[in-house]
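Q: What follows is a predicted structure for the sequence shown.
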Amino acid sequence: MGRVTDLASFAPLLTPEGQTLLTALRDYDPAQELAVASRLRRDHSAELVTAAIGQARLRQRAVAKFGAEDAYRMYFTPNGVEQSTRASVGTYRAGRMKALGVRSVADLCSGIGGDAIALARAGISVLAVDRDPLTAEVARANAEALGLAELIEVRCADVTEIDTAPYDAVFVDPARRGGRGRIFDPEAYSPPLSWAVEAARKAPHAALKVAPGIPHEAVPAEAEAEWISDGGDVKEAVLWFGTEPGARRATLLPSGAGLVGRGLPDPAVRPVGRYLYEPDGAVIRAHLVAEVAEDLAGGLIDETIAYITADELLPTPYATAYEITDELPFNLKKLKALLREREVGTLTVKKRGSAVEPEEIRRKVKPKGPNAATVLLTRVAGAPTMLIGRPANGR
C-alpha cells in the first residue's frame, strides 16, 4: 500500500528529490495510481515513488482534519491521520490552555504532533513525547515544515519516564485503539487512564483526551469533563484538572458555544408539542439535556429519549429544531400514503430509540415529488412513533 513503515523509508521524503515528488503528487488521482507510479519510476527509485505516493494519499485524507494549507505541508502515518486531533478542536483546546495562563506543556503521547502544533501556534512551548521512533520523527518534521521548531521539542521516549515538573501543564492523549479496533475500557488505554490521572494531579493544569463514551462514573471528582462536537459530530471528551472540579460542559464548534451543567433533575415527559428539538451530541454525552429543556421551557417525549418538545420556537445553539406537522404510530403504509399525498420526494429520516434503519424507510416508501419532509422515528411515552415535520427557522 505504499505506507511509510520505518525511518529508513521516511527519511528520503525529506530530501530535495522527495520534496519534488511530493509537490508533483499533490493533486494526483488515486484512480490513476498505477500509471502515475510507472511514469515516476522512470526517474526515481521504486522505493521512493512508493513512499511518496503513500504520503500523497495520506495528505489528501488529512485535508478534512487539517485543511489543505497545512495538510499538504505536513507528514503523516496511517495511524496519525486516523487518530490525530482535528485542527479546529486542537485550536480550541490550545486557546483554553492559553487563557489559563499556560506557557509550557508536556504533550504526552503526542503522535504526529497535531496538538503540539495547535499549542505552539497559541504561543505555548511544547515538549512532544512519543515512544514510536517513526511517529516522533514525523512530528519533528511537521514542526519544521510549519515553522514551529523553536516552540516544539520532540522526544522519542516512554511517557511514563518523563519529568513533567518543569511544565505549566500536562496534556495526555492515550492510545485508544488496539489490534482489534477501538478500546472502550479506560484502563485498557495506553497508558491507562489511571496513570494519566496521576500525571495530571502532579501538574498545575492538565487536560486528558478520552473517548466521548467514557462513563461519567469514571471521571475523577476533581476533574471537569468537557464534551466537544464540531459541525454536529462529537469528536472527543477532555478531562480538565485545575479548572472547575466536578463541572460538566458541552462545547460546540465552530461557534464555540458552551453549556455548563446546573445539576438539574431529568425533565418531565409531556405530549408532543408543535416543535421538537434534537440536542447536539455533545449536550447528550455531557448529560445536559435537562439544561437545554429548561431553557426552552420544554419536556421530553419519552423518559429514555433525548428529544425535547415545546410549544414555542426559541433560538438555541444547543439543539436543532423541527416543526412537527404529524404524529403517527409506526406504520410504513400510513407513512407512504401521507408522503404520496403531500408529494414528498426529498425525505430526511432520523431515528432515536428505533431499530429501523433510515435507508430501509426510504427504500420502502419510495418518496417522489417536489416537496421535502423530515421523518423522526422514535418512541413517544414508550410507543414506537413517527413524527413528521420540517426543519424550523433558526436553531
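A: Sure, I can see it. Residues are numbered from 1 along each chain as shown.

Q: gap between the two ends of stretch 28-39?
A: Stretch 28-39 has its terminal residues 12 Å apart, counting by CA to CA, to the nearest Å.

Q: Any buried residues in it, and which?
A: For stretch 28-39, burial by neighbour count (16 or more other CB atoms under 10 Å) applies to 28, 36-37. Every C-beta, even on glycine, is put in place using the N, C-alpha and C of the backbone.

Q: Same question for stretch 294-304.
A: Going by neighbour count (16+ other CB under 10 Å), the buried part of stretch 294-304 is 295-296, 298-302.

Q: Give me the subset of those residues that lies in helices.
A: Within the buried residues of stretch 294-304, residues falling in helices by DSSP state H are residue 295.

Q: With respect to residue 146, which of the buried residues of stretch 28-39 is nearest?
A: Of all the buried residues of stretch 28-39, residue 146 sits closest to residue 28, with 22.7 Å by CB to CB.

Q: Measure how far stretch 15-29 is from the centre of its chain, please.
A: Centre-to-centre, stretch 15-29 and its host chain are 30 Å apart (CA atoms, centre = their mean, to the nearest Å).

Q: which residues are in contact with that stretch?
A: With contact meaning CB atoms under 8 Å, 6 or more residues apart in numbering, stretch 15-29 is reached by 12-13, 36, 40, 44, 48-49, 51-53, 55-56, 59, 72.

Q: Could you list the low-pLDDT ranges of this structure?
A: For the chain, the stretches flagged by pLDDT under 70 are 1-5, 177-181, 183, 393-395.

Q: How many residues are close by residue 236?
A: Neighbour count of residue 236, defined by other CB atoms under 10 Å: 22.

Q: just to confirm, which helix or strand has it in it?
A: Assigned by DSSP states H and E, residue 236 belongs to strand 233-241.

Q: coming back round to it: same list, the buried residues of stretch 294-304, but as TSV with distance to residue 170 please.
A: Converted to TSV, those look like this (distance: CB to CB, whole Å):
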residue	distance to residue 170
295	35
296	38
298	40
299	42
300	39
301	43
302	42
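
Q: Out of the buried residues of stretch 294-304, list just those in strands.
A: Residues of the buried residues of stretch 294-304 located in strands (DSSP state E): 299-300.

Q: Name the residues of stretch 204-220 that are buried.
A: Buried residues in stretch 204-220 (16+ other CB under 10 Å): 205-212, 214, 219-220.

Q: Run the chain-centre distance for it.
A: 15 Å.

Q: Isn't residue 189 up against residue 197?
A: No: when contacts are counted by CB atoms under 8 Å, residue 189 is not listed as touching residue 197 (11.0 Å).

Q: Which one of the two is surrounded by more residues?
A: With neighbours defined as other CB under 10 Å, residue 189 and residue 197 compare such that residue 189 has more, 25 against 20.

Q: List the buried residues in stretch 300-319.
A: Neighbour counts over stretch 300-319 (16+ other CB under 10 Å) mark 300-302, 305-310, 313, 316, 318-319 as buried.
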